[in-house]
Every structure is written in C-alpha cells, then in structure tokens.
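K.L.:
give me a 3D structure for the following:
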Amino acid sequence: MDDFFTADRSECAAHAKRTFARLVKCLMGETAIAEHKLMHGNPLEILGIMVALDLAGVTFGPEDEKIEKWCEQLERSIGTKTLNGGDASSLAGRLSFGAQRIFRRMGRAMLMPIFKQIRKRTGDVDDELLKALKWWLQVLREVICENRSTN
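P.N.:
Predicted coordinates for the structure are as follows:
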C-alpha cells in the first residue's frame, strides 16, 4: 500500500498526504513512495471515479472522458458482435466501479457475462453478453453518480 488519495479541503488533504508519506518513508525508507502516488484535490479523479466534496457531502461518479472511452468500446463490441478475451478483461476491470460499494453493487450481475467472455475461445458475443453490453452503455450514458450526505 503506497498510494494515497483524498478529497477534502485543500489544507486538510495536503496535511494528511504529508503525514501518510512520512509514515511510509519511516517504515519503508525514503524511496518507498513516489510523488505521483500522492494525490489530493477537490474534485479528484481516483481510478476513473471523480470524487467531489462540498458542505452537503461527497459525490462519486465516473469521469466524463472515461465514460466516453468506455461507451466507444461498448458500441464497437455491440456493432461487431465481437469481444475478444483481452478486451473483455480490460472492459470488466474498467466497469468494476459499478460493482463496488459506492454504487451499491449495481453492476455486479451485468459484469458476469463480460467476465465469462474472458475465457471463451472465440470473441463471438452471445445474447447474454449483448444484453449486458447494452445495459452498461445505457447506464453510462445516464451519467450516474452517487451522493453521500455528511449528516
């Protein structure tokens, strides 16, 4: 564990980041953590998810550029009805945000056909996978986000 991400008021986040870096360096040596692994801001992109904090709470949502890229791949796979194992693996990894806790596991079931595709010998898209790809395309186009109240 050598990554540090936080979205908070600038002065709080900067202090937390420096404290984390000092701890890691004390335990593992001065070269144990690279500067690019220490990020803070508001909003802040963390692994494709934009995190924004305000007085009401925090908002999580996929980053716009990522959504566009993911939709292009989904449209291509739907249009050609092909998705090879390597592309299926990348796509499943990218869309895993929808199966995580912050999105109440909304995409968990719709990731399963994509994960199954990774092990298939052909890149042919069956009906189950086609439905999952279309579902993800629709969900991403709706610009989903989740708001969590600080109360």
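
K.L.:
residue 20 contacts residue 14, correct?
P.N.:
No. Using C-beta atoms under 8 Å, residue 20 makes no contact with residue 14, being 10.9 Å away. (Each C-beta comes from the backbone N, C-alpha and C, glycine too.)

K.L.:
so what secondary structure elements neighbour the lengthiest helix in the chain?
P.N.:
Criterion DSSP state H: the longest helix present in the chain is helix 10-28. Under the contact definition 3 or more C-beta pairs under 8 Å, 6 or more residues apart in numbering; DSSP states H and E, helix 10-28 sits against strand 4-6, strand 38-40.

K.L.:
would you mind writing the CA trace of it as CSV?
P.N.:
Provided in CSV are the C-alpha atoms of helix 10-28 (Å, rounded to 0.1, in the frame of the first residue of the first chain):
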residue,chain,number,x,y,z
SER,A,10,-7.1,21.6,0.4
GLU,A,11,-5.2,22.3,3.7
CYS,A,12,-6.6,19.2,5.4
ALA,A,13,-5.8,16.9,2.4
ALA,A,14,-2.3,18.3,2.0
HIS,A,15,-1.5,17.7,5.7
ALA,A,16,-2.9,14.2,5.5
LYS,A,17,-0.9,13.4,2.4
ARG,A,18,2.4,14.7,4.0
THR,A,19,1.6,12.6,7.2
PHE,A,20,1.0,9.5,5.2
ALA,A,21,4.2,10.0,3.1
ARG,A,22,6.3,10.5,6.3
LEU,A,23,4.8,7.3,7.8
VAL,A,24,5.5,5.2,4.7
LYS,A,25,9.1,6.6,4.4
CYS,A,26,9.8,6.0,8.1
LEU,A,27,8.6,2.4,7.8
MET,A,28,10.0,1.5,4.4
